[in-house]
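In: When you get a sec, could you give me coordinates for this:
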Amino acid sequence: MSKYTREDILAKAGELAKMIAETEEVDFFKRAEAAINQNEKVQKLIKQIKLLQKESVNLQHYHKEEAYRENEKKIDQLMDELDKIPIVKEFKQSQVEVNDLLQYIARTISERVTEEITKSTGGDVLSGQTGNGRH
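Out: Okay, the predicted model is just below:
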């Protein structure tokens, strides 16, 4: 008989999510995002890029290839300008750090589940073989 229900596990996942949301990495991400949202230069560039992206969709739809290429060059230039702004660099780095943390947690959980399955079936943790199917 199982010791835990799906609801038990989801409740623990909720607790883990709350803990993750209160880490230094997530806190920095939230502060960087707020700074970006309040930065007029950043917001102006984002608005320009979004308008050009919509324009590119229309140009592509109507097969205006030369105008589309020119538009895409403008977008690339604005993206480069945006990426050079220190707060944008910090925000992107914080995204990477939060993503790395989440991937590490997911990988750790997966590995621990595999270890527990291997142990509970009398298998060999080092080789990763479960005890099921052994004679």
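In: quick one: the helices in this protein?
Out: 6-21, 24-38, 40-61, 65-83, 86-120 (DSSP state H).
In: List the buried residues of the second one.
Out: Just to be clear, that refers to helix 24-38. Neighbour-count burial for helix 24-38 flags 25-26, 28-29, 32, 36 (criterion: 16 or more other CB atoms under 10 Å). The C-beta positions use only the backbone N, C-alpha and C, and glycine is treated the same way.
In: same thing with the third one?
Out: By neighbour count, and taking 16+ other CB under 10 Å as the criterion, the buried residues in helix 40-61 are 42, 45-46, 49, 52, 56, 59.
In: Show me what it is in contact with.
Out: Helix 40-61 is contacted by residues 36-37, 67-68, 71-72, 74-75, 78-79, 81-82, 85, 87-88 when judged by CB atoms under 8 Å, 6 or more residues apart in numbering.
In: CA-only coordinates of that helix in CSV, if you can.
Out: The C-alpha trace of helix 40-61 is given here as CSV (Å, rounded to 0.1, in the frame of the first residue of the first chain):
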residue,chain,number,x,y,z
GLU,A,40,11.8,54.2,-19.8
LYS,A,41,14.6,53.5,-22.2
VAL,A,42,14.1,49.8,-22.0
GLN,A,43,10.3,50.1,-22.3
LYS,A,44,10.7,52.4,-25.3
LEU,A,45,13.0,49.9,-27.1
ILE,A,46,10.7,46.9,-26.2
LYS,A,47,7.7,48.9,-27.7
GLN,A,48,9.7,49.6,-30.9
ILE,A,49,10.8,46.0,-31.2
LYS,A,50,7.2,44.7,-30.8
LEU,A,51,5.9,47.1,-33.4
LEU,A,52,8.6,46.1,-35.9
GLN,A,53,7.9,42.4,-35.2
LYS,A,54,4.2,42.9,-36.0
GLU,A,55,5.3,44.7,-39.2
SER,A,56,7.6,41.8,-40.1
VAL,A,57,4.7,39.4,-39.8
ASN,A,58,2.7,41.5,-42.2
LEU,A,59,5.6,41.9,-44.6
GLN,A,60,6.3,38.2,-44.6
HIS,A,61,2.6,37.4,-45.1
